[in-house]
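# Predicted model, plus sequence, below.
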Amino acid sequence: MQHPLYVEHYCLFVPETSPYADKPSVTWTEAAQEPLCLLTPNMQNRRIVDRAFAVANAHPSPRLETNSIMNLLASVRSTSKCLVVHEDAQFAGFGAEIAAAILSAAFFDLDAPIERVAAPRVPVPFSADLMPGVVPDVAQIKAAMDRLLRL
């Protein structure tokens with residue numbers, strides 16, 4: 001009997017006014033029509049996403065591609081907001097390092113505190129069935145986005 005060790009989930013975050021805002025899922029073709037922020041093409045997760053777009057015969061035009069702090073800073077400076085989402089522990093996780101780097105370089109460009117969504121301060125379970133209780137979900141990310149946009 002085989003069990004997957006991990007299932008990758010992809011999320012498309014859109015404004016509440018988007019026609020996709022209330023849909024439980026979108027196609028890769030629909031996602032390709034949105035202004036996307038993606039990793040650079042040389043990164044493994046980007047290659048996985050690009051394969052999914054290719055299978056759907058979809059051709060996205062990313063608004064932002066980055067694997068560097070400089071590009072992230074440019075995005076923060078243009079929006080005055082920052083949300084860091086990752087699956088590592090929030091306390092002393094790599095997201096804290098990203099937030100610290102952004103804060104030290106773009107403090108005066110921010111008009112709100114940096115929001116962070118990450119795993120809680122609990123041991124990481126070995127059971128795949130327990131992972132949803134640790135890994136941030138779409139509802140948590142949306143709530144953080146909403147809080148950030150209200151500031």
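The structure has been received and is ready for your questions. Numbers count the residues shown, from 1 in each chain.
# which residue sits closest to the most centrally placed residue in the chain, ignoring its sequence neighbours?
By Cα atoms, centre = their mean, the chain has its centre lying nearest to residue 85, at 5.4 Å. The shortest distance from residue 85 to any non-neighbouring residue, by Cβ to Cβ, 6 or more residues apart in numbering, is to residue 117 (4.7 Å). In short, each C-beta sits where N, CA and C put it, glycine included.
# quick one: residue 117 is in a strand?
Yes. According to DSSP: H, G, I helix; E, B strand; the rest coil, residue 117 belongs to a strand.
# So the residue nearest to residue 85 sits against residue 140, correct?
Yes. Residue 117 is in contact with residue 140 according to Cβ atoms under 8 Å; the separation is 5.3 Å.
# any idea how far the residue nearest to the centre of the chain is from residue 11?
Using Cβ to Cβ, to the nearest Å, we find residue 85 at a distance of 9 Å from residue 11.
# got the contact list for the residue nearest to the centre of the chain?
For residue 85, the contacting residues are 95, 116-118, 136, 141, 144, by Cβ atoms under 8 Å, 6 or more residues apart in numbering.
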